[in-house]
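K.L.:
Sequence first, predicted coordinates after that:
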Amino acid sequence: MALIVQKFGGSSVADAESIKRVAKRIVDTRRAGNDVVVAVSAMGDTTDELLDLSRAVAPSPAPRELDMLLSSGERISMALLAMTIHSLGYEARSFTGSQAGMITTADHGSARIVDVTPVRLREALDDGAIVIVAGFQGFNRDTRDITTLGRGGSDTTAVALAAALDADVCEIYSDVDGIFTCDPRVVPLSRKLEVISAEEMLELAANGAKVLYIRAVEYARRHKVLIHARSTFTSNEGTYVLGEGMADPRLAKGEDMSDVIGKEEPVVAGVAIDRSQAKITVVGVPDVPGSAAAIFTRVSKSGANIDMIVQNVQSASPGHTDISFTLPKEQAPEVAKLLQAEHTELGFQSLVHDDQIGKLSVVGAGMRSHSGVSLTLFDALSSNGINIEMISTSEIRISVVLGDTDLDKAARAVHTAYGLDGDVEATVYAGTGR
């Protein structure tokens, strides 16, 4: 008997029929002889609707009360799912995050898991019950308040439960068949990957791929949890995310791997795109020690998350330099306003805020041992008349910032250039990717 943790997102439990479909899948897993623990998100767009409602009554909702409100969405879906499983003849017990032992920091809206004490979950499993846990939420011991985990919280909940319960696998369900070489809505000929390394998945998630969230992948890598990303709408095998030292599960199943064993890993695993960033350029900064430090000291006070940074010496104005950086779109106006307010003290000439950009990233562990990867990227963009505004690299990633209107075209061109195109168009069952 295996212990399987399953996670179902909002699109998977969007309405009564969807909940029935998910319940049947859970019961089928239990009927196959497995113990099952399920982490579930709020139904459909419930979280967004609750946020809109909170802002309608209070422009700046109190963080503690907002967490109390938002955590109710998962409690609704967990209870409905447990009821549905009961109607199918199996016992199910639902638990809130705090009942499940999800201990977090006290940061409302962005709490991090610090411990998991799943005593009640083990008791329910020992009694033969299917366990349903509300994702996205936890409990802080010091304040004794309910907290929420922020973006990707239900994925992180599922992985944390899998680690604490020593589960055999953590299945993350969405509305695509697994992890693809690019977003199938942008590149229809994207191919599903059978396996991907946790290292590659971290880079893809950090650079815009939405099928798995970076916090969940990092938690899985740290705690050696096997992730299986698959679709709610089919029984097809999905994509396994393998941490260091993990064996390919297909070998254990006795599958024919003769076409894979002995082959070098592909140079590029996938292409990710990200439209969530803006670019700020501080023009004409005095080219003296401490200028960049002064700028980013101000930026840090806003709490903004800086991604890429590029500095260029000005040829037209000797003794000055331009500093460009990218950050989340929603944080950019505040940062631009903050820097502009200290224009005189910082001594720069002007400031440009551009929120019409996109980032394209090429990721692959094979980059370490292959030359010419950058050239392929730049040739593909150049031949399609696409201009590059910024470039950033890591050991297994190349990222470029482009104009937003060029992003989809660039993704398709680069995907083809690296030989990633499949023979048939990928299927997105519910249209969102989550």
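P.N.:
Nice, I can see it.
K.L.:
only C-alpha atoms for contact and neighbour calcs from this point on.
P.N.:
OK.
K.L.:
for the helix or strand harbouring S300, packing partners?
P.N.:
S300 is part of helix 291-301 when elements are defined by DSSP states H and E. Contact analysis of helix 291-301 by 3 or more CA pairs under 8 Å, 6 or more residues apart in numbering; DSSP states H and E lists helix 332-341, helix 343-346 as its packing neighbours.
K.L.:
contacts for that helix?
P.N.:
V285, I323, V335, L338, L339, L346 (CA atoms under 8 Å, 6 or more residues apart in numbering).
K.L.:
what does stretch 134-143 give?
P.N.:
39-41, 71, 74-75, 77-78, 94-98, 101-106, 113, 145-150, 152-158.
K.L.:
one more time with 6 Å
P.N.:
Here stretch 134-143 makes contact (CA atoms under 6 Å, 6 or more residues apart in numbering) with 39-41, 74-75, 78, 96-98, 102-106, 145-149, 153-154, 157.
K.L.:
Before we move on, what's the pLDDT of E265?
P.N.:
pLDDT for E265: 62.
K.L.:
and the residue of the chain positioned farthest from its centre, how far is that from A292?
P.N.:
Farthest-out residue of the chain from its mean C-alpha position, per CA atoms, centre = their mean: P318, at 42.8 Å. Plainly put, P318 is 17 Å away from A292 if you go by CA to CA, to the nearest Å.
K.L.:
Helices of the stretch 151-300 of the chain, start to end?
P.N.:
153-165, 198-206, 214-223, 249-252, 291-301 (DSSP state H, counting those that start in this stretch).
K.L.:
D175 against Y429, yeah?
P.N.:
Yes - the criterion here is CA atoms under 6 Å, and D175 meets it with Y429 at 5.2 Å.
K.L.:
Settle it for me: which of these two has more neighbours?
P.N.:
Under the neighbour definition other CA atoms under 10 Å, D175 and Y429 were set side by side, and D175 has more, 23 against 15.
K.L.:
quick one: the more buried one and R298, what's the gap?
P.N.:
According to CA to CA, D175 and R298 sit 41 Å apart.
K.L.:
Are there residues contacting both of D175 and Y429? Which ones?
P.N.:
Common contact partners of D175 and Y429 (CA under 6 Å, 6+ apart): none.
K.L.:
Number of residues surrounding R141?
P.N.:
13.
K.L.:
Name the nearest residue to I130, ignoring sequence neighbours.
P.N.:
Leaving aside its sequence neighbours, I130 sits nearest to A92 (CA to CA, 6 or more residues apart in numbering; 4.5 Å).
K.L.:
who's in contact with that neighbour?
P.N.:
Residues counted as contacts of A92 (CA under 6 Å, 6+ apart) are A82, A129, I130, V131.
K.L.:
Can you name the residues that contact V36?
P.N.:
Residues near V36 by CA under 6 Å, 6+ apart: L3, I4, V5, I130.
K.L.:
got any ranges where the stretch 151-300 of the chain has weak pLDDT?
P.N.:
Counting by pLDDT under 70, the stretch 151-300 of the chain has low-confidence residues at 252-265.
K.L.:
The same query, at a cut-off of 90, please.
P.N.:
Low-confidence segments of the stretch 151-300 of the chain, defined by pLDDT under 90: 151-152, 174-176, 208-211, 232-235, 244-245, 247-267.
K.L.:
what phi and what psi does the backbone show at A82?
P.N.:
phi -60, psi -40 (degrees, to the nearest 10).
K.L.:
gap between it and I132?
P.N.:
7 Å.
K.L.:
do the same with A39
P.N.:
For A39 relative to I132 (CA to CA), the value is 6 Å.
K.L.:
Now do the strands in the stretch 301-434 of the chain.
P.N.:
For the stretch 301-434 of the chain, the strands defined by DSSP state E, counting those that start in this stretch cover 309-313, 320-328, 350-354, 357-363, 390-394, 397-403.
K.L.:
who does the fourth one pair up with?
P.N.:
Paired strands of strand 357-363, with direction, are strand 270-274 (antiparallel), strand 397-403 (antiparallel) (DSSP bridges).
K.L.:
Count residues in the vicinity of P333, would you?
P.N.:
Using other CA under 10 Å, P333 is surrounded by 15 other residues.
K.L.:
Need the nearest residue in space to it, chain neighbours excluded.
P.N.:
H353 (7.8 Å).
K.L.:
isn't the one you found right up against I280?
P.N.:
Yes - counting by CA under 6 Å, H353 sits close enough to I280 to count as a contact (4.6 Å).
K.L.:
okay, these two: which has more neighbours?
P.N.:
I280 (20 against 17).
K.L.:
Okay, that one and V310: tell me how far apart.
P.N.:
Going from I280 to V310 by CA to CA gives 11 Å.
K.L.:
Run through the helices of the stretch 1-150 of the chain in chain order.
P.N.:
Applying DSSP H, counting those that start in this stretch to the stretch 1-150 of the chain gives helices spanning 16-31, 46-57, 63-87, 119-126.
K.L.:
Now do the buried residues in the third one.
P.N.:
Translated: helix 63-87. 64, 66-86 (16 or more other CA atoms under 10 Å).
K.L.:
what sits up against that helix?
P.N.:
Residues outside helix 63-87 that contact it (CA under 6 Å, 6+ apart) are A23, S41, A42, A92, S94, H108, A134, T147, T148.
K.L.:
Please apply the same query to the first one.
P.N.:
Taking CA under 6 Å, 6+ apart as the criterion, the residues outside helix 16-31 that touch it are V13, I85.
K.L.:
got the CA positions of it in CSV?
P.N.:
The C-alpha coordinates for helix 16-31 follow below in CSV (Å, rounded to 0.1, in the frame of the first residue of the first chain):
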residue,chain,number,x,y,z
ALA,A,16,-20.5,20.6,-8.2
GLU,A,17,-19.8,18.5,-11.3
SER,A,18,-16.1,19.1,-11.1
ILE,A,19,-16.1,18.2,-7.4
LYS,A,20,-17.9,14.9,-8.3
ARG,A,21,-15.2,14.2,-10.9
VAL,A,22,-12.4,14.9,-8.4
ALA,A,23,-14.1,12.7,-5.7
LYS,A,24,-14.3,9.8,-8.2
ARG,A,25,-10.6,10.1,-8.9
ILE,A,26,-9.8,10.1,-5.2
VAL,A,27,-12.0,7.1,-4.6
ASP,A,28,-10.4,5.2,-7.5
THR,A,29,-7.0,5.9,-5.9
ARG,A,30,-8.2,4.6,-2.6
ARG,A,31,-9.9,1.6,-4.2
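K.L.:
What are the contacting residues of stretch 38-56?
P.N.:
Taking CA under 6 Å, 6+ apart as the rule, stretch 38-56 contacts 5-11, 13-14, 73-74, 77, 132-135, 154, 158.
K.L.:
I'd like the mean pLDDT over that stretch, please.
P.N.:
95.
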